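Asks: can't give you the sequence, but here's the structure:
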């Protein structure tokens, strides 16, 4: 006779796995570990965000600094160009002033000599040696030469006038006199003459009209 045991054999209870198997202490440790990991990740994330913000700010500062450097370089270039133009302009101004200063002496000399010329006398040659002016010319009579000499003595810028020669001309049938005199021009004012001993005018012309344009010793 076959016997059937309807009662199932009691199976041993399986051990619980996971958190429940750890008990209360195990769950607490797990929570602490997870919390520590989260806190660590949070700290790392905050540090990364802070460093990223600092890096962004530094990059922005660098960009602004580079813009300022570029602007200053442009300003410095403009200043350099301005200084260069200013130096060139100053050279031109100095040159103009020097030319004016150099012209002052010859103009003064021509004016004073022209004003001192009497009638019946004209100049043929004017020569500069240092600040010594030598004049050669012709006159229709000796009194005209004497008047010219006296007029030169009255000019304050002319000093030490000397009559070098007064001779009758033997080349023409008319009564002409050759004369030579010299004086010191005390107000040369850095004057330079391009050529000394250049003919001062037409010897055939009368006194008064020709001599003012005669000397060609100016700059």
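Replies: Yep, it's here. Computed from a predicted structure; not experimentally measured.
Asks: Tell me where this structure has strands.
Replies: Applying DSSP state E to the chain gives strands spanning 121-129, 132-139, 158-168, 177-185, 198-199.
Asks: could those be laid out in TSV, adding mean pLDDT?
Replies: Shown next, in TSV, are the strands of the chain (pLDDT from 0 to 100):
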stretch	mean pLDDT
strand 121-129	90
strand 132-139	93
strand 158-168	90
strand 177-185	93
strand 198-199	40
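Asks: Low-confidence ranges, the protein, go.
Replies: 1-24, 98-105, 171-174, 187-219 (pLDDT under 70).
Asks: Okay, helices next: where are they in it?
Replies: 19-116, 142-154 (DSSP state H).
Asks: what's the most buried one of the ones you listed?
Replies: helix 142-154 (a mean of 17; mean count of other C-beta atoms under 10 Å). Where C-beta positions appear, they are placed from N, C-alpha and C, glycine not excepted.
Asks: helices or strands up against that one?
Replies: helix 19-116, strand 121-129, strand 158-168, strand 177-185 (3 or more C-beta pairs under 8 Å, 6 or more residues apart in numbering; DSSP states H and E).
Asks: again, only this time at 10 Å
Replies: Contact analysis of helix 142-154 by 3 or more C-beta pairs under 10 Å, 6 or more residues apart in numbering; DSSP states H and E lists helix 19-116, strand 121-129, strand 132-139, strand 158-168, strand 177-185 as its packing neighbours.
Asks: can you put those in JSON lines and add distance to residue 152?
Replies: As requested, the helices and strands packed on helix 142-154 are exported to JSON lines (distance: least, C-beta to C-beta, whole Å):
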{"stretch": "helix 19-116", "distance to residue 152": "5"}
{"stretch": "strand 121-129", "distance to residue 152": "12"}
{"stretch": "strand 132-139", "distance to residue 152": "9"}
{"stretch": "strand 158-168", "distance to residue 152": "5"}
{"stretch": "strand 177-185", "distance to residue 152": "6"}
